[in-house]
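Peer 1: Let me see the structure of the following:
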Amino acid sequence: MPKNTICLWYEQDAEAAARFYASTFPDSAVGRVHRAPSDFPGGTAGQVLTVEFTVCGIPCLGLNGGRAFRQSEAFSFQIATDDQAETDRYWNAIVGNGGMESACGWCKDRWGLSWQITPRALTDAMAAGGEIAQRAFAAMMTMRKIDVAAIEAAVRGEASA
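Peer 2: Predicted coordinates for the structure are as follows:
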């Protein structure tokens with residue numbers, strides 16, 4: 001196990017979440033699944049307690065901890081995308097699997113975990129600073145899923161179609 005691992009709290013579906021992430025994102029996999037050796041708050045002996053997995057190369061541990069805590073936007077995975085097709089693929093996978101859209105490239109999966117599906121065109125524009133960043137930011141603020149063509153048009157100073 002890595003020295004530093006992100007621990008994500010799930011009510012009871014850590015294994016299903018890990019398998020979804022592994023089937024959706026590159027460099028992602030499900031590792032070991034650990035079952036509870038005895039009863040615990042919110043569960044019984046033999047139930048899945050933790051799941052080791054990676055998301056885009058980031059080591060994670062899913063903990064089936066019951067209803068005591070919920071996911072929030074205070075933690076999110078930010079996934080950099082290279083084009084609209086990749087942006088659409090990840091966005092549609094998350095939202096289409098019981099998730100929900102939010103604003104400015106954010107969405108939540110069915111387990112309540114937040115994701116930022118962020119095209120490099122947007123991060124590059126923000127890094128450019130000045131008027132380019134201002135135009136890209138203004139365009140982004142009107143979006144749910146990021147529209148790469150609209151961001152690129154904003155960078156060029158063109159009105160989006």
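Peer 1: so where's the longest helix in this structure?
Peer 2: For the chain, the helix that runs over the most residues, judged by DSSP state H, is helix 84-96.
Peer 1: which residues sit against that one?
Peer 2: 24-25, 79, 81, 101, 107-109, 115, 117, 119, 145-149 (CB atoms under 8 Å, 6 or more residues apart in numbering). Where you see a C-beta, it was placed from the backbone N, CA and C, and this is true even at glycine.
Peer 1: just stretch 51-70 next, same as before
Peer 2: 1-2, 4-15, 17-18, 21-22, 25-34, 41-43, 47-50, 77, 79, 112.
Peer 1: now these: which count as buried?
Peer 2: Among the contacts of stretch 51-70, the ones that count as buried by 16 or more other CB atoms under 10 Å are 8-11, 13-15, 17-18, 21-22, 25, 28, 30, 33, 43, 48-50, 77, 79, 112.
Peer 1: Which of the residues you listed fall in helices?
Peer 2: Secondary structure from DSSP H places 14-15, 17-18, 21-22 of the buried ones among the contacts of stretch 51-70 in helices.
Peer 1: Is it possible to get JSON lines of these that adds pLDDT?
Peer 2: What follows is these, written out as JSON lines (pLDDT from 0 to 100):
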{"residue": "Ala14", "pLDDT": "98"}
{"residue": "Glu15", "pLDDT": "98"}
{"residue": "Ala17", "pLDDT": "98"}
{"residue": "Ala18", "pLDDT": "98"}
{"residue": "Tyr21", "pLDDT": "98"}
{"residue": "Ala22", "pLDDT": "98"}
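Peer 1: need those in TSV with distance to Arg67, can you?
Peer 2: As requested, these are arranged in TSV below (distance: CB to CB, whole Å):
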residue	distance to Arg67
Ala14	14
Glu15	17
Ala17	16
Ala18	19
Tyr21	22
Ala22	25
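Peer 1: what's the closest of those residues to Gly130?
Peer 2: Tyr21 (36.6 Å; CB to CB).
Peer 1: Can you give me the distance of the closest residue in space to the closest one that isn't next to it in sequence to Phe25?
Peer 2: Spatial nearest neighbour of Tyr21, chain neighbours left out: Val55 (4.9 Å); criterion: CB to CB, 6 or more residues apart in numbering. According to CB to CB, to the nearest Å, Val55 and Phe25 sit 6 Å apart.
Peer 1: Could you do Gly46 as well?
Peer 2: Gly46 is 29 Å from Phe25, by CB to CB.
Peer 1: Below-threshold pLDDT in this structure: ranges please.
Peer 2: 160-161 (pLDDT under 70).
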